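Chemist: Predicted model and sequence below, questions to follow.
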Amino acid sequence: MTPNPRQAQLVEETQRRGTVSVEALAEQFGVTLQTVRRDVKLLAAAGLLARFHGGVRVPGSTTENLAYRQRQLLNEQAKQRIARAVAKAVPNDCSLIINIGTTAEAIARELLQHKGLRVITNNLNVAAVLSGNRDCEVIVAGGVVRARDRGIIGEVTIDFIQQFKVDIGLIGISAIEADGTLRDFDYREVKVARAIIGQSREVWLAADHSKFNRPAMVEVGRLEQVDMLFTDAEPPAPFPALLAEAGVTCVTCTD
């Protein structure tokens, strides 16, 4: 499904709160209980929310991420704000590695007017977008193509990335836990992300507000390995203290 604006806001509000009652949602959005229940039923069927008696919560699996199309729709405006801020910070005439993820793809779209970029990517969607920029050289990593999102993973991908040392590694993430751990779901994707971190002079992390305090199974790294974090809202406690301690510059993208 493609959520309408109210349904998208309902999902974002549930992500912000963690769990919320149907009554509270009806009051907040100025609609009837029946309308909220209908929205929740549709969103739950699409896997965007999980229902329980009298309320709704965000799906909380530590072993499996949301489907690619669902991730495209979730927090779409927030990802666009993050992408604009990242693109504004990326200078012309630099080298980047851009990894897998819907936020990474949004960033690629915002880089179409940049000049003199050399971009290495293990994301066929990013490569397809940036191939439209004649002033950008795109280098696609080898490896196994993951059909659901056109990400490229595997040992061949790692070997390929380790040939390079770039100015900026742009990575996304599925989860940032309260101990400062960066996590994701697919260990093969994680191994590639670790290689990107190791081959980048600066590591920039793009993560919308829903990634904070979200569980996931595999450790990518820690906040100490990140130079800049781009997000769409002030991170909740304890993350401001963790970011300051780790020396991470946090850019909050509000427009």
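Modeler: Yep, it's here.
Chemist: List the buried residues for the host helix or strand of residue 159?
Modeler: Element membership of residue 159 [criterion: DSSP states H and E] is helix 155-161. Of the residues in helix 155-161, 157, 158, 160, 161 count as buried by neighbour count, 16 or more other Cβ atoms under 10 Å. For the C-beta atoms, the positions are set from N, CA and C on the backbone; glycine is no exception.
Chemist: Then stretch 82-99?
Modeler: Residues of stretch 82-99 classed as buried: 82-87, 90, 94-99 (neighbour count, 16+ other Cβ under 10 Å).
Chemist: and which of those is nearest residue 216?
Modeler: residue 99 (15.3 Å; Cβ to Cβ).
Chemist: What distance do you get for residue 162 to residue 202?
Modeler: Between residue 162 and residue 202 the distance is 17 Å, computed by Cβ to Cβ, to the nearest Å.
Chemist: Then residue 123?
Modeler: 19 Å.
Chemist: The two: which has the busier surroundings?
Modeler: residue 123 (25 against 14; other Cβ atoms under 10 Å).
Chemist: Which residue is the nearest non-sequential neighbour of the more buried one?
Modeler: residue 100 (5.0 Å; Cβ to Cβ, 6 or more residues apart in numbering).
Chemist: burial count for the one you found?
Modeler: 28.
Chemist: same check, this time on residue 22
Modeler: Neighbours of residue 22 (other Cβ under 10 Å): 18.
Chemist: Output the below-cut-off pLDDT ranges for the chain.
Modeler: Counting by pLDDT under 70, the ranges of the chain that qualify are 1, 60-75.
Chemist: Residue ranges of each domain in it, please.
Modeler: 5-59, 70-252 (automatic domain parsing).
Chemist: all helices of the stretch 101-250 of the chain, in order?
Modeler: 102-110, 124-130, 155-161, 187-198, 239-246 (DSSP state H, counting those that start in this stretch).
Chemist: Can I get those in TSV including distance to residue 222?
Modeler: What follows is the helices of the stretch 101-250 of the chain, written out as TSV (distance: least, Cβ to Cβ, whole Å):
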stretch	distance to residue 222
helix 102-110	20
helix 124-130	25
helix 155-161	20
helix 187-198	10
helix 239-246	8
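Chemist: Tell me which of those helices sits most buried.
Modeler: Comparing the helices of the stretch 101-250 of the chain by mean neighbour count (mean count of other Cβ atoms under 10 Å), helix 102-110 ranks first with a mean of 23.
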